[in-house]
Structure formats: C-alpha cells, structure tokens
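Q: Sequence and predicted model, in that order:
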Amino acid sequence: MPQFVVSAFYHFTPFPDFEALQEPIQSILGEQGVLGTVLLAAEGINGTIAGSRAGIDNVMDYLRTLPGCRDLEHKESTASEMPFYRLKVRLKKEVVAMGVPEADPTKMVGTYVDPQDWNDLISESDVVVIDTRNDYEVSIGAFKGATNPETRSFRDFPQWFYENRGALDGKKVAMYCTGGIRCEKATSLLKLEGIEDVFHLKGGILKYLETVPESESKYHGECFVFDHRVSVGHGLKQGTYDMCHACRRPITEEDKKSKYYIEGVSCDHCYDRSNDDQKARYAQRQRQMELAEARGEPHIGVVQKTKKKEPFEEF
C-alpha cells in the first residue's frame, strides 16, 4: 500500500513580499515531515512535495491561507517510497522561468479548459495543439498530433514562438504541460503578442490522466514527473521508466542494454557529452549511493547529479 502522498501545485498571484514567506513555509513543511521543493517569486508559488496524508493536508491548508491563495489547487498521486530526499524553499525571479517579464499570468492568461472538455477542443479542425514541455518529456508521451517545439528548456519557448508565430494567426491555440504552470505562462506570452483564442489544459496532463478514463484518453504514453518516480501513467500509477542519473533523461530497460549505458555514469543520450574526469566523478557518486543503499540510508547525492537545477523546477 502506498505510504506517501505527492502533492503538485502552483498558483499565480502577486506576492510583493514573497521573501518574508520563505521561513514560515519552511517551518510548516519541516514540522509536518514533508520533503520536496517549493519556489516563491513575486508572481506566485510553485512546488512538488511529499509526505504523510496528514502532513500534506496540513501543509496545503496552510498554503491556502497565504495572500491570494485561497483557491490554490493541487494534484495528488502516491508513492511507495519517499520520492524526495530534501526540503527546500527557494526564492526565485520567476516560479517558472521563461525570461519574458512582460508575460504576467497575474494580469493576463488564456482560457482554462477542464480535462473532461479537452478532447473536444483538440479534435476541432482549426485548433493548433502545442506541447510546452521539453523534448525529453515529450519523448515518452504526448497528445497525438500535438506540435513539439523541441525545446531543451522552457526559456527556449519564446524564441520558438516568435519564429513560428505566423502559423498561429487566425487559429485557436491549445497548450498543455505536465501540471499546468508552463502552459498557463505560455498563454500569457501569446496573449501579450496578440494571439486571441488561446486555451490551456487546467491541471495539465496529470489532472487529465487522473480524471479522464483510459478508454477515452487521447494521451499516448507516460508522463514524465519531476521526482524520483520518473513517470506516471493513466490513473497516476507509477510508470515504467527509470532515469539516467548523469543527464536526468528518462530511459527504458531496452536503453540499458546499450553499450553506452553505465548506471549512474552515462547513457546513449549523454555518453559523448561528458569527459573522462566527469565520468569518474559520476562513477564515484554511484558507488557512494550503492553503499548508502546497502546501509539503508538515503544518499542526497542522488539529487546533486549535475550543476543543473533540480528537475522539477520546470514543473
């Protein structure tokens, strides 16, 4: 039986004094034994956390007392093991980094579409469906026929949009992402640039997989999630993917048969992207992780794979 509740949430609301919220949020999460990451910025809050049923309930109740957060929604799934090893409450310029300050979801966004209405919208002939996630996420699952911008970071999305804007004029644009935050912010950019009919999937793929029966689903594959479960499927059941701890890409059992796959060190996607010194460090880290596991202890190096940011800060 699952032991941990995983809560994913975000809310765009003006937080002019967001720095003052860091310590009390850190305290309540610590008191409730909840781990994960929460991001705070002047534009709102974003996070994924995990803990006991009571712990998550108490934290979410507290977060809804924050200014403008009474209607904060969250999505839940479960995990048999704690999917995070640390607790962090971080201050950021943006709770999801796109790099266009003028695109402000607290002032202007597209139209929310409930999961039960999404199939009808994306089936219309004049609708362009855009996946606002990154290429490694799209690679394991997507809505059939959706446009893949092939971005490596959400910061790449504005450039893709500017280069392809002409194809969107006069069209309805429907966008989606993992949990709703990236596509919501992307709608603000499109509205800012004069695209009128812009829609986004409320609650993202996670809410869709949770609420739409698999027999009616237009989503094919699994959904990459930003914790150590790696992916989930319909009903938010844990998926079949593992992760390359060198490059953080999802990998299959078939991928592990490659001559370039060395656990914790490299895979097909990243073997040529690291030098011998880096591979040696990765191998040492993997050894430390294995020793910690043998002792029954978590090894936080598992979330310190590279100098890149935490994986679910893109969420």
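A: Cool, got the structure. Residues are numbered from 1 along each chain as shown.
Q: contacts and neighbour counts: CA atoms only from here.
A: OK.
Q: Could you check how far residue 149 is from residue 228?
A: Note on residue 149: its distance to residue 228, by Cα to Cα, to the nearest Å, is 25 Å.
Q: ok, which stretches of the stretch 201-315 of the chain are helices?
A: Read by DSSP state H, counting those that start in this stretch, the stretch 201-315 of the chain holds these helices, from start to end of the chain: 204-211, 276-294.
Q: roughly how far is the last one from the heart of the chain?
A: Distance, stretch centre to chain centre, for helix 276-294: 26 Å (Cα atoms, centre = their mean, to the nearest Å).
Q: What are the buried residues along that helix?
A: Of the residues in helix 276-294, 279, 282-283, 285-286, 289 count as buried by neighbour count, 16 or more other Cα atoms under 10 Å.
Q: and what of stretch 259-272?
A: If you call a residue buried by 16+ other Cα under 10 Å, then stretch 259-272 has these buried ones: 260-271.
Q: What of stretch 112-131?
A: By neighbour count on 16+ other Cα under 10 Å, the buried set for stretch 112-131 is 112-115, 118-119, 121-122, 127-131.
Q: end-to-end on it?
A: Terminal residues of stretch 112-131 lie 15 Å apart, using Cα to Cα.
Q: what's near enough to touch residue 183?
A: In this structure, residue 183 makes contact with 132, 175-177, 200-201, judged by Cα atoms under 8 Å, 6 or more residues apart in numbering.
Q: Format the residues you listed as JSON lines; extra columns: pLDDT and secondary structure.
A: Shown next, in JSON lines, are the contacts of residue 183 (pLDDT from 0 to 100; DSSP: H, G, I helix; E, B strand; the rest coil):
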{"residue": "132", "pLDDT": "98", "secondary structure": "coil"}
{"residue": "175", "pLDDT": "98", "secondary structure": "strand"}
{"residue": "176", "pLDDT": "98", "secondary structure": "strand"}
{"residue": "177", "pLDDT": "97", "secondary structure": "coil"}
{"residue": "200", "pLDDT": "98", "secondary structure": "strand"}
{"residue": "201", "pLDDT": "98", "secondary structure": "strand"}
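Q: Out of the residues you listed, which comes closest to residue 3?
A: Ranking these by separation from residue 3, with Cα to Cα as the measure, puts residue 177 on top at 27.0 Å.
Q: tally of neighbours for that closest one?
A: Counted with other Cα atoms under 10 Å, the burial measure for residue 177 works out to 27 neighbours.
Q: so who does it touch?
A: Residues in contact with residue 177, defined by Cα under 8 Å, 6+ apart, are 131-133, 183, 201, 204-205.
Q: before we move on, the earlier item: where among the helices of the stretch 201-315 of the chain is average confidence lowest?
A: When the helices of the stretch 201-315 of the chain are compared by mean pLDDT, helix 276-294 comes last with a mean of 88.
Q: Now stretch 229-246 - C-alpha only, CSV.
A: Listed in CSV are the C-alpha atoms of stretch 229-246, where the atom choice follows Å, rounded to 0.1, in the frame of the first residue of the first chain:
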residue,chain,number,x,y,z
ARG,A,229,9.3,8.1,-9.8
VAL,A,230,10.3,9.4,-13.2
SER,A,231,7.0,8.8,-14.9
VAL,A,232,3.3,8.1,-14.3
GLY,A,233,0.6,6.6,-16.5
HIS,A,234,-3.2,6.7,-16.5
GLY,A,235,-4.7,6.9,-13.1
LEU,A,236,-1.3,8.4,-12.0
LYS,A,237,0.1,4.9,-11.4
GLN,A,238,3.9,4.8,-11.3
GLY,A,239,5.3,4.3,-14.8
THR,A,240,7.9,2.1,-16.4
TYR,A,241,10.8,4.5,-16.9
ASP,A,242,14.0,4.8,-15.0
MET,A,243,16.3,7.8,-15.1
CYS,A,244,19.9,8.2,-16.3
HIS,A,245,21.4,9.9,-13.2
ALA,A,246,24.1,11.6,-15.4
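Q: Could you list the buried residues of that stretch?
A: For stretch 229-246, burial by neighbour count (16+ other Cα under 10 Å) applies to 229-239, 241-246.
Q: distance between it and the chain's centre?
A: Mean C-alpha position of stretch 229-246 versus that of the full chain (Cα atoms, centre = their mean) differs by 12 Å.
Q: what sits up against it?
A: 77-79, 83, 206, 209-211, 213-214, 221-225, 249-253, 263-267, 270, 282, 302, 305-306.
Q: as a whole number, average confidence for it?
A: Summarised as a single mean, pLDDT over stretch 229-246 is 92.
Q: Checking my notes, residue 7 in a strand, right?
A: Yes: going by DSSP: H, G, I helix; E, B strand; the rest coil, the assignment for residue 7 places it inside a strand.
Q: Before I go, just wanted to say thanks for your time.
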